[in-house]
Every structure is written in C-alpha cells, then in structure tokens.
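Colleague: After the sequence you'll find the predicted model.
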Amino acid sequence: MPAPRARAVVIGGGIGGLTAALALHRTRWEVTVLERAPSLEPVGAGIGLAPNGQRALDTVGLGDEIRELAAWQGDGGLRTPDGRWLSRIGSAAVAARFGGPVVIAHRAELVARLLARIPGGTVRTGVTARLLDPGKAQGAPARVAADGEEIEADLVVGADGIHSGVRRALFPGHPGPRYSGLTTWRVVVPGLGRPFPPHESWGRAMLWGTLPLQDGRIYAYAAAPAPAGERAPDEHAELLRRFGNWHDPIPAILGSLTHDQVLRHDVHHLIDPLPAFHRGRTALLGDAAHAMAPNLGQGGNQAIEDAVVLAHHLGPGPGRGIDRGPALAAYSAERLPRTTAVVRKAARVARLVQLSSRPAVAARDGVLRLAALLGPGAAVRTMDGIADWRPPRRTYADRAPQGRATERGGIG
C-alpha cells in the first residue's frame, strides 16, 4: 500500500500561495489553500513578470504561457514630467542579458492560469485561518484553526500578505512592516487606440508609470509621498491634480478614468529582515516574509521564487510525520539573504523617487542621463543579481532572446 501523502495547508490564496500550492501538488503533496476573501477575484491591477519570475514559473509548467502575454517588444524607459527621456531600455536588451523581456499581465490572468492547474477543491475561500501551533515539538504536526475546524498538517505555508498573522505568531517580537513614506495608485483602463512606449516618469517626489497590456488595455500606476493612511475624497480628482499636466498619454489616461476605478494603497515594507522564514513545520513566503516597495517590480516575482524553492527543498510529499526541519532550514538559508537584498535595493529606489528639492532632483536626473550615454546596457545592468536568477532545479535550457525551450524539466 502506498504511503499516505503529506499534507500542506497554505494560508492565503494570492499569487505566492497559489504558486506554492501548485508546486507542492506537482511533488505529490496533499494541499489545501485557505483564503479569507469570499472569492479569488484578484485585488489589484497589473503585475510585471521579470525573467526570474518567468523561470520560476517554468518549474510549474507556466513559463511559456506567461511569455505569450508579452505586449511590447520595443523601447521604453524613464521620462521627465514634460516627456523628455532620461534613459531608454529596450526589450531586446533585457532579453539579451536575462533571457527574455519583462511581461506585463493583469493579475487576473496569472491567477486564472494557476487555478487551472490546481485540482478542484484545493482552494477554500471565505475561510478565516489562524495558526495554532507551528509544529515545533519533535514529530508534532502543525495545527491551524479554520472557522472552528482544527486542521493538522505536515507543513503550513504562511502566504497571508503584508499584515500576516502567521508571521506574528512565529515571530511576535519582530517590529513588522514599516511605512515607506509612499502611497500608490493603480488603474487599468481601455486602450487609447494608438501605440505608445511603456515608461516611468519621475518628477519631484512623484512617479507615474504607463504600461500596455496584451489585450489593448493600459495598466497605469503612480506614487508620491503622503502621510500614512491619508485618503482623498475623490482619488481620481487627486490624480488629476497631481499628474494632469504631465506628458502624453497621461492626461488622456486620466480623462478616461472614473473615481471608482482607482485603487490606492500605502506602501509598507519589511525593511527589518526576519531572523528566518520558518519555525517548526511552518514557512513564510511572499509579502508575509519580505514585503518590499514596488519600485523594482519584484514583489510578485520574489513570491513566485519563494514558492518553487520551498517545494524544491521539501521534495516529494509521500510520508507523513517526516522531519521537515532540514528542508525548511535550507529554504530559509537560500531565500533570506536574496530577498533581504532585494527589499533594501527597492527601498533605495523608493527614496530616489521621494526626492523633492530641485537640486537633488536635478542631480538624480543628471546621473540617469549620464548612465544612458553609456548605452542601453547600463540601465539593464541595474537588475543584475535579480533578473538573472535561476531556479535550483534546472528547467528549460538557456534560450536565445526569441528562442523556444528545447529542454524541459521542473517540479513534478
């Protein structure tokens, strides 16, 4: 008789939690995802999937599907509020250095593709889950309370976001996330009927980004310093006040908005790293482990990396009661230094965005223009050590920028 499959409970049904569920399922774990929201309709707008995140998705068979969502194969870059280019970054240069372009997709696209590969019944929505015991005692299971039901598991994955209850239970003395000083707005609007290059525009303590989606819609985002918790009576009007006189196509995008389309969130980050990403039989991933400012576009990518690295170290699921301590320690040892470095680099970029004095902004823009004179590779190299990451288990062979996979492997 085959050994019973080990059981994993994933608390949180976001991108990191769903990727973990799929990766563990492919290694024959029995997985249950507990999500507090009544449905998995994604809260948010777009997500940039960098080459490192795409390679992580290769391990669960989704990399090529995501690459097919790429909407732009030309140049983009950084601009000033009046439209002048500070630096240009071409998708070909990114692909040449890192093996593929950044793919901009709606979060709903990625969530749907993950769910399509997870067995029905895996995800339970509308469930409030709480960690009762991380499973620290020798041989003892972890225990989770889920709306009055108690669930024992060989593994609990805390993928419950920036205000993670699992993190607080594991590390009650940790100060938790801190406010970065930035608030953000995000929108998805219909296309404008004409092409435009993707860009971020940096002003005095303000930032705007405009990115095309494959279906013709536009994902746009903005950021500015603000007191924590501050909200405008009408966020659409607030964006018009701040960005309405910036370069084309920003006014046209703002003109197509209604107030109920604007999402606003303050940016908190775990600038104080955790001592580990696990205790007992419980592991943390994504924002629960290393929430970061969005300025490198790496929050979702790092969560996806976490998920596949966790599944890699845990290995095949058959057999209950097995000591998972060494595997979880290896996961912490691999992920903690990398994500700490990314959190800190994102924080440095966020501070550059918040510069407000004219001399400081002029100096910042001058450095960006000087770097641009060194060629497109200079801007691309700022993502060295991040976008060039590869999974611990080989998946697809190295590919030319426009090539296709010739060798497959991965989890499962």
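Modeller: Sure, I can see it.

Colleague: give me the low-pLDDT residue ranges for the protein?
Modeller: 1-2, 42-43, 73, 376, 394-409, 412 (pLDDT under 70).

Colleague: what ranges do the helices span in it?
Modeller: According to DSSP state H, the chain carries its helices in the segments 15-26, 51-58, 63-67, 91-98, 107-116, 165-170, 235-243, 250-255, 287-290, 299-314, 325-353, 358-373, 376-380.

Colleague: Quick one: these as TSV, columns for distance to Pro38 and mean neighbour count too.
Modeller: Bear in mind the C-beta positions are built from the backbone N, C-alpha and C, glycine included. Listed next are the helices of the chain as TSV, based on distance: least, Cβ to Cβ, whole Å; neighbours: other Cβ atoms under 10 Å:
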stretch	distance to Pro38	mean neighbour count
helix 15-26	16	28
helix 51-58	27	27
helix 63-67	27	18
helix 91-98	38	19
helix 107-116	15	18
helix 165-170	18	21
helix 235-243	24	18
helix 250-255	31	18
helix 287-290	20	28
helix 299-314	22	27
helix 325-353	30	18
helix 358-373	44	14
helix 376-380	42	17
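
Colleague: Arg7: which of those helices is closest?
Modeller: Arg7 sits nearest to helix 15-26 of all these, at 9.9 Å, using Cβ to Cβ.

Colleague: got the CA coordinates for the closest one in CSV?
Modeller: What follows is helix 15-26, C-alpha atoms only, in CSV (Å, rounded to 0.1, in the frame of the first residue of the first chain):
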residue,chain,number,x,y,z
ILE,A,15,-0.1,34.6,-6.3
GLY,A,16,2.6,33.3,-3.9
GLY,A,17,0.2,31.0,-2.1
LEU,A,18,-1.3,29.6,-5.4
THR,A,19,2.2,29.0,-6.8
ALA,A,20,3.2,27.2,-3.7
ALA,A,21,0.0,25.1,-3.9
LEU,A,22,0.7,24.1,-7.5
ALA,A,23,4.4,23.4,-6.9
LEU,A,24,3.6,21.2,-3.9
HIS,A,25,0.8,19.4,-5.7
ARG,A,26,3.3,18.6,-8.5
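
Colleague: And Ala289, how close does it get to Gln54?
Modeller: Counting by Cβ to Cβ, to the nearest Å, the separation of Ala289 from Gln54 is 21 Å.

Colleague: Same question for Ile250.
Modeller: Taking Cβ to Cβ, one finds Ile250 at 29 Å from Gln54.

Colleague: now His290
Modeller: Relative to Gln54, His290 is positioned 20 Å away (Cβ to Cβ).

Colleague: likewise Ala237?
Modeller: Where Gln54 is concerned, Ala237 sits at a distance of 38 Å (Cβ to Cβ).

Colleague: So which residues of the stretch 151-300 of the chain form strands?
Modeller: Taking DSSP state E, counting those that start in this stretch, the strands of the stretch 151-300 of the chain run over residues 155-158, 178-189, 199-202, 207-212, 218-225, 263-269, 278-279, 282-284.

Colleague: what about Gln214, distance to Gly46?
Modeller: In terms of Cβ to Cβ, Gln214 sits 11 Å off from Gly46.

Colleague: shared neighbours of the two, anything?
Modeller: Between them, Gln214 and Gly46 share these contacting residues under Cβ atoms under 8 Å, 6 or more residues apart in numbering: Ala105.
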